[in-house]
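[1] pasted the sequence and its predicted model underneath.
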Amino acid sequence: QFILHSRFFRFGAVRGRRRRDLFGLRNRRLFRFPWHYNKGDCFFRQGEIARYLGLVKSGTLVYSVMGGDGEAHVIGLEYADEFVADFPFSLSGSKARASVIAESPCEILCVPTHILRERMRHDEELREAVHVTTEAVFGTVYDRAIALYTKTPEERYNDLITFDPQLFQHFSLKVIASLLNVTPTYLSRIRKSTNRDSFRTSFLKLV
């Protein structure tokens, strides 16, 4: 899904390039419609065509997929000053495979995807940017799939905390547990164990 990360997913968008510069859109001044979203509001829904690409001015969001078990599974996180989109599917008019839901009150500047589709027809630089970004997205998704099979939950948790040490200030334990594909109870155990090990290491350095 717009897994635009390991920042377009914020941990699973496109490394080596600030998403805020995606397609050079900041310079194109295309964004408008500053809309407010309350916690729980959808930016776009699974099974529908995403009509907008957004630049998050404030707040946080989650990418969520409804599974066959009837439960919502978090597959990505989004922060302020980052892009939020169903990339690249919305550019081809395909339905979204996930929903994007506000985790906290958000302000998002939006550009209609049909404007981007129209510009791509005659803007070679934009088409090339889309191509490069699509390759980066695929690499990110592939890396996350490999990590799911080769790393323990503890290792994936440490990767996530290293990526964003303030993670728990932005998202709930339940959301983070879902992203890591563990239960909230198990995540709590990982946190306690990690904190205990960190304290022991810090203490030993002092003595």
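    Yep, it's here.
[2] neighbours of Leu167, how many?
    Neighbour count for Leu167, taken as other CB atoms under 10 Å: 19. To be clear about C-beta, it is placed using only N, CA and C from the backbone, and glycine gets the same treatment.
[3] wait, it sits on Ile161?
    Yes - counting by CB atoms under 8 Å, Leu167 touches Ile161, with 6.2 Å between them.
[4] all strands of this protein, in order?
    For the chain, the strands defined by DSSP state E occupy 32-37, 42-44, 52-58, 61-66, 72-78, 83-84, 99-102, 106-112.
[5] make CSV out of those and add distance to Arg127.
    Formatted as CSV, the strands of the chain follow (distance: least, CB to CB, whole Å):
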stretch, distance to Arg127
strand 32-37, 23
strand 42-44, 23
strand 52-58, 16
strand 61-66, 25
strand 72-78, 25
strand 83-84, 18
strand 99-102, 25
strand 106-112, 17
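[6] with distance to Val137, mean neighbour count and mean pLDDT added, can I get the ones you listed in a markdown table?
    A markdown table is the format used below for the strands of the chain (distance: least, CB to CB, whole Å; neighbours: other CB atoms under 10 Å; pLDDT from 0 to 100):
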| stretch | distance to Val137 | mean neighbour count | mean pLDDT |
| --- | --- | --- | --- |
| strand 32-37 | 24 | 14 | 83 |
| strand 42-44 | 17 | 21 | 96 |
| strand 52-58 | 14 | 21 | 91 |
| strand 61-66 | 13 | 23 | 96 |
| strand 72-78 | 11 | 23 | 93 |
| strand 83-84 | 12 | 27 | 88 |
| strand 99-102 | 15 | 24 | 97 |
| strand 106-112 | 19 | 20 | 92 |
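[7] any stretches of the chain with poor pLDDT?
    Counting by pLDDT under 70, the chain contains low-confidence residues at 1-33, 196-207.
[8] pull the longest helix from it.
    When the chain is parsed with DSSP state H, its longest helix is helix 124-150.
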